[in-house]
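Participant: Curious how this folds, go ahead:
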Amino acid sequence: MAGLSLRRNFAWTLVGNVVYAACLWGQLALLTKLGGADVVGRFSLGSAIASPVFMFAQLSLRPVLASDARGEFAFQDYLGLRVALLPAAMLLVVVVGWAAYSPAQALVIALFGLARVVESMADIYFGFQQKQERMDLAAVSLVLRGLAALALFGGVFKATGSLSLSLGAMVVGWVLVLLAYDLPYTARLVRACAGQSLRPRFDRDAMRRLFVMALPMGTVFLAIQLRTTLPRTMLERGHGEAELGIFSALSYLVIAGSTVTQALSQSALAGLGRDVADRNVAGLRRRIRQLVLLGSGIGVAGVAVSLVAGGPLLSLIYTPEYAAHVPLLVLIMAGGAVLYVGSLLGAPATAMRAFASQLWVHGTQLVVMLGAGLVLLPRLGTMGAAWMMLIGSVWVTAGTWWIVQRGLKRLEAAP
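Facilitator: Below is the predicted model of the structure:
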């Protein structure tokens, strides 16, 4: 089955990510209008606790699979490792929730864990689709999952006011999309590729080698997720769920730009992998310049909109309570602008298989952010959390730029 062109892949990916992000933002907007800042805070807390665990359990297998241009491992090896790790991740989420939080908070955390299980299975299917440059399949799945989340979550919450019941309905909708769309369409694509199978393979040697190879990148993505989790959990502990709700609602607006940068990154990864395999340094430099320029433009536009129309925008999409926090929005968007560039640079770094170097950059970022949070959060509250995010963004973007430049020099020097 032939792949699509880069332009069509980007268009499909952008549409899928935009609709999906808009639907998830719709959940948050509905909570701000019907539930208040404390409910938004609990929703954000559930995601913040469950997401890092599953981000690590995923081991970043999707981009590793998509950029595996030489076919070092078969798809069934990737699938087997993913299936093997998910039960342990779910158990850890449940234990952390019940040990560290109230029963109501723990239930929300567990339900987010179930949602991440379904999301993780779809993610590994997306990786194979991405490798075959069939991003249209992943895009349709994202649209279906986003619409199911918004309709079921929103409908149940409006009828019952229960966050737990609403999350349960969302999980049911995601399972239906996985079984009715993701599974059969991925099976059809897999059957068209010789030597591939949709049945997980639990070969110990292959799983061990894949685990060792992907572990640094999985830890990188854990660190990336902890970048979001760290300020939110510290803010909730020190200032409560309501403050966390305000910060989370404003932070979600960064997703508007992240949706585009994520689409760019996903669409470019397979091509970047081929350029690295072919040692096409000129092509790599051209793609990297394009990614940096696009990321910078998106970030500047976001900051400008926040400065010019931040108050009316927050009042319209949330409530007047949020419109009083325009300076916080501007600072959050500034951090997002820097991170857009760093995230896009992560694609060529991944194509170069610079997993250990990315781990170092993102790991040290957490130390830097933790130090900033201990100083700033007690005095500044939500503004301190925003400064944490901005400082972390600058660190990651500078470090990833260094990784990419070093990789380019090595490719040029290689025989």
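Participant: If you count neighbours, what's buried in the strand or helix carrying Phe153?
Facilitator: If you go by DSSP states H and E, Phe153 is part of helix 135-160. Across helix 135-160, burial judged by 16 or more other Cβ atoms under 10 Å covers 135-150, 152-154, 156-157. Glycine gets a C-beta too; all of them are placed from N, C-alpha and C.
Participant: Correct me if wrong: Ala268 contacts Ala347.
Facilitator: Yes - with contact defined as Cβ atoms under 8 Å, Ala268 and Ala347 form a contacting pair (5.5 Å).
Participant: packing partners for the worst-scoring helix or strand of the chain on mean pLDDT?
Facilitator: Using mean pLDDT, DSSP states H and E, the weakest-scoring helix or strand in the chain turns out to be helix 255-277, at a mean of 75. Counting contacts by 3 or more Cβ pairs under 8 Å, 6 or more residues apart in numbering; DSSP states H and E, helix 255-277 packs against helix 6-34, helix 61-66, helix 103-131, helix 281-317, helix 326-351.
Participant: Looking at the ones you listed, spot the one closest to Gly161.
Facilitator: helix 6-34 (7.3 Å; Cβ to Cβ).
Participant: what distance separates the closest one from the centre of its chain?
Facilitator: Mean C-alpha position of helix 6-34 versus that of the full chain (Cα atoms, centre = their mean, to the nearest Å) differs by 13 Å.
Participant: Give me the helices and strands touching that helix, please.
Facilitator: Judged by 3+ Cβ pairs under 8 Å, 6+ apart, helix 6-34 is in contact with helix 37-58, helix 135-160, helix 241-251, helix 255-277.
Participant: Now render those helices as a markdown table, adding distance to Leu30.
Facilitator: Listed next are the helices and strands packed on helix 6-34 as a markdown table, based on distance: least, Cβ to Cβ, whole Å:
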| stretch | distance to Leu30 |
| --- | --- |
| helix 37-58 | 10 |
| helix 135-160 | 5 |
| helix 241-251 | 11 |
| helix 255-277 | 16 |
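Participant: Tell me what angle the least confident helix or strand of the chain forms with helix 281-317.
Facilitator: 170 degrees (axes from the mean of the first three to the mean of the last three Cα atoms, to 10 degrees).
Participant: Renumber starting at 607 from here on
Facilitator: Let's use 607 as the start, then, which means that last one is helix 861-883.
Participant: Output the contacting helices and strands for the helix holding Phe759.
Facilitator: So helix 741-766, by 3+ Cβ pairs under 8 Å, 6+ apart, packs with helix 612-640, helix 709-737, helix 769-783, helix 789-797.
Participant: Could I get the buried residue list for the shortest one?
Facilitator: Right, helix 789-797. Neighbour-count burial for helix 789-797 [16+ other Cβ under 10 Å]: 791-792, 795-796.
Participant: With the second one instead?
Facilitator: Under the neighbour-count criterion of 16+ other Cβ under 10 Å, helix 709-737 has 711-737 buried.
Participant: Stretch 916-927 too?
Facilitator: Under the neighbour-count criterion of 16+ other Cβ under 10 Å, stretch 916-927 has 916-917, 919-920, 923-924, 927 buried.
Participant: for those, which one is nearest Leu620?
Facilitator: Checking those against Leu620 with Cβ to Cβ, the nearest one is Ile923 at 21.0 Å.
Participant: distance of that closest one from Trp631?
Facilitator: 8 Å (Cβ to Cβ, to the nearest Å).
Participant: just Arg688 next, same as before
Facilitator: Here Arg688 is placed at a distance of 28 Å from Trp631 (Cβ to Cβ).
Participant: Likewise for Asp674?
Facilitator: Counting by Cβ to Cβ - Asp674 and Trp631 are separated by 33 Å.
Participant: residues in contact with the nearest residue to Leu900 once chain neighbours are set aside?
Facilitator: Counting by Cβ to Cβ, 6 or more residues apart in numbering, Leu870 is the residue found nearest to Leu900 once chain neighbours are left out, at 6.1 Å. Residues near Leu870 by Cβ atoms under 8 Å, 6 or more residues apart in numbering: 616, 897, 900-901, 950, 953.
Participant: Check which residues of stretch 909-917 are buried.
Facilitator: Neighbour counts using 16+ other Cβ under 10 Å place 909, 911-912, 916-917 of stretch 909-917 among the buried residues.
Participant: What of stretch 628-641?
Facilitator: For stretch 628-641, by 16+ other Cβ under 10 Å, it's 628-638, 641.
Participant: With stretch 665-674 instead?
Facilitator: For stretch 665-674, burial by neighbour count (16+ other Cβ under 10 Å) applies to 665-674.
Participant: same check, this time on stretch 868-886
Facilitator: Result for stretch 868-886 [16+ other Cβ under 10 Å]: buried residues 868-879, 881-882, 886.
Participant: and for Ala874 and Ala953, which residues touch both?
Facilitator: Residues touching both Ala874 and Ala953 by Cβ under 8 Å, 6+ apart: Leu897.
Participant: Could you point out which residue ranges in the chain have low pLDDT?
Facilitator: The model of the chain has pLDDT under 70 over residues 607-612, 675, 800-801, 1020-1021.
Participant: on that earlier part again, can you list the contacts of Leu870 in TSV and add neighbour count and distance to Ala848?
Facilitator: TSV is the format used below for those (neighbours: other Cβ atoms under 10 Å; distance: Cβ to Cβ, whole Å):
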residue	neighbour count	distance to Ala848
Phe616	18	39
Leu897	24	38
Leu900	16	37
Gly901	25	33
Leu950	27	34
Ala953	27	37
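Participant: from these, which single one is nearest Leu821?
Facilitator: Minimum distance to Leu821 across the contacts of Leu870 is 19.8 Å, recorded for Ala953 (Cβ to Cβ).
Participant: Could you pull up the residues touching the closest residue in space to the closest one that isn't next to it in sequence?
Facilitator: Among residues not flanking Ala953 along the chain, Ser871 sits closest, at 4.3 Å (Cβ to Cβ, 6+ apart). Contacts for Ser871 (Cβ under 8 Å, 6+ apart) come out as 897, 949-950, 952-953.
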